[in-house]
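Enquirer: What would the 3D arrangement of this be:
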Amino acid sequence: MTEALTPQAVSDAATTGALSGAVPPAETPESLAPRELDAQELEAAVHAIADRSRKAARRMAQANRAWKDRALRAIAEALVDRQATVLAANAKDVEAGRSNGTSKALLDRLTLTPARIEGLVAALENLAGLPDPVGNVVRGQTLPNGLRLRQVNVPMGVVAAIYEARPNVTVDIAGLALKSGNAVILRGGSAAAHTNAALVVILREALESVGLPADAVQTVDQFGREGANVLMRARGRVDVLIPRGGRDLIQTVVNNSSVPVIETGEGNVHIFIDESAGEEMAVEILLNAKTQRPSVCNTVETLLVHSGSAVLPAVAAALRAAGVTLHVDDRVAQALAGKVETVPADDDDWATEYMDLDLAVAMVDNLDAAVSHIRKWTTGHTEAILTNNLANAEKFIAEIDSAAVIVNASTRFTDGGELGLGAEVGISTQKLHARGPMGLTELTTTKWIVQGEGQVRA
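Expert: Below is the predicted model:
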């Protein structure tokens, strides 16, 4: 079994440097409970975890697809077998969240149900059925001097993830990291502490059951925020850090991390209803994009309606009937006066990711005005146009610079599982390395392989 980091083990390791040689007990949720350490002990503890992850990552990089797929299926089976344990742990977190006044949106993200666990299991099975990205040849050629070149995908190494109140992310990120040959260090936050501790134990035991290193999945939750701060400064031990959460969390990681960061962004998502869009399609898509699961980042937050469109009353009425509060500009308020209840909007509404049953609504006179509004307020996540005009669709695609641009479909499709990636680590809104839903390939980098027969450079 792999060593559990007890306070005594941390202290001994800091003194002797021999942590990896100890005979370990089994890891349990109790061993992952919060603990008090001084700054030096804390740094030693987190660095020890990262060093063990590097060792595990070397083994994971050599595991073939069949071996990794066995691990994913073992995790899926364990989640089914120990569903009651996971749900009991989650119930503690949800009850604590309610007592602490956690918002409805965050409680929704925090909550696991049998159906959501079933979704995690399905995602793991889907991942197991996907091709292994490791070893994929990106490009290659033979040079005139006879050198044979290949650029191939290889694992990142040690991937760290910092997220909040989203226990499903614990399984999604671990599954993607393992399939792509990486080790992962998790910081899931205090709001989901009981759930994440139970899940990490399941993940580690499943890995060991198929002969892969349990240390390919580790957590620093037991060391709280200070542990996360040490993790962010563990450059050289951690290869890449992925934050997933609200604006404050993401900016904290981006601004304070010395480890390279792949920035995932908040979702101030827009839908523009063009003059040519049909009423039935508009109503169906808006209801899906706003009400199916309001607390997630691919939910629409702002609706722009062409002043020549006739669909606004029907769309607004359907949204209000579904419980959506409409924050509207003066033109929309006038168009809906006496028909649908609304509240006035201001600039804060155009900038807000509600993550709830609220929607900002504005009227624009043409496509250019819609694009201008989106450019001003977007977070670069997802934007959609509903139109029957091909030229307008192509112009919207060309002029909108977001990670995902959608024509005549719900914004809820900006999701790794929906786009055939199996799952996602997050949705990147940056432009370096990865953009949009990050699946298996996005957790790899590349290396050049050069094969020769004695060539020397002239």
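Enquirer: in the stretch 251-400 of the chain, what spans have low per-residue confidence?
Expert: For the stretch 251-400 of the chain, applying pLDDT under 70 flags no range at all.
Enquirer: Please enumerate the strands of it.
Expert: 269-273, 300-306, 325-328, 343-344, 358-364, 382-386 (DSSP state E, counting those that start in this stretch).
Enquirer: Pull up the pairing partners for the first one, direction included.
Expert: Counting by DSSP bridges, the strands paired with strand 269-273 are strand 300-306 (parallel), strand 382-386 (parallel).
Enquirer: That one vs strand 358-364, what angle?
Expert: Interaxial angle of strand 269-273 relative to strand 358-364 (axes from the mean of the first three to the mean of the last three C-alpha atoms, to 10 degrees): 40 degrees.
Enquirer: want to throw the strands paired with strand 269-273 into JSON lines with distance to residue 439?
Expert: (Each C-beta comes from the backbone N, C-alpha and C, glycine too.) JSON lines is the format used below for the strands paired with strand 269-273 (distance: least, C-beta to C-beta, whole Å):
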{"stretch": "strand 300-306", "distance to residue 439": "23"}
{"stretch": "strand 382-386", "distance to residue 439": "16"}
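Enquirer: Which one, of the ones you listed, ends up nearest to residue 122?
Expert: Nearest of the strands paired with strand 269-273 to residue 122, taken as C-beta to C-beta: strand 382-386 at 23.1 Å.
Enquirer: Dead centre of this structure: give me the residue that sits there.
Expert: With distances taken as C-alpha atoms, centre = their mean, residue 426 lies nearest the centre of the chain, 2.2 Å away.
Enquirer: check contacts around that one.
Expert: Shown in contact with residue 426 (C-beta atoms under 8 Å, 6 or more residues apart in numbering): 242, 243, 244, 262, 264, 437, 438.
Enquirer: Repeat that for residue 259.
Expert: Listed by C-beta under 8 Å, 6+ apart, the contact set of residue 259 reads 160, 231, 232, 233, 234, 235, 238, 239, 240, 241.
Enquirer: if we go to 6 Å?
Expert: 235, 238, 241 (C-beta atoms under 6 Å, 6 or more residues apart in numbering).
Enquirer: Please flag which of the residues you listed sit within strands.
Expert: Judged by DSSP state E, those include residue 241 as members of strands.
Enquirer: Export the contacts of residue 259 to CSV and append columns for neighbour count.
Expert: As requested, the contacts of residue 259 are exported to CSV (neighbours: other C-beta atoms under 10 Å):
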residue, neighbour count
235, 12
238, 27
241, 26
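Enquirer: Identify, from the contacts of residue 259, the entry nearest to residue 63.
Expert: The shortest gap between residue 63 and any of the contacts of residue 259 belongs to residue 238, at 20.3 Å (C-beta to C-beta).
Enquirer: In JSON lines, list the contacts of residue 259 along with distance to residue 421 and pLDDT.
Expert: Formatted as JSON lines, the contacts of residue 259 follow (distance: C-beta to C-beta, whole Å; pLDDT from 0 to 100):
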{"residue": "235", "distance to residue 421": "28", "pLDDT": "95"}
{"residue": "238", "distance to residue 421": "23", "pLDDT": "97"}
{"residue": "241", "distance to residue 421": "20", "pLDDT": "94"}
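Enquirer: Which elements pack onto the biggest helix by length in the chain?
Expert: When the chain is parsed with DSSP state H, its longest helix is helix 39-62. Packing partners of helix 39-62 (3 or more C-beta pairs under 6 Å, 6 or more residues apart in numbering; DSSP states H and E): helix 7-16, strand 158-163, strand 183-187, helix 224-232.
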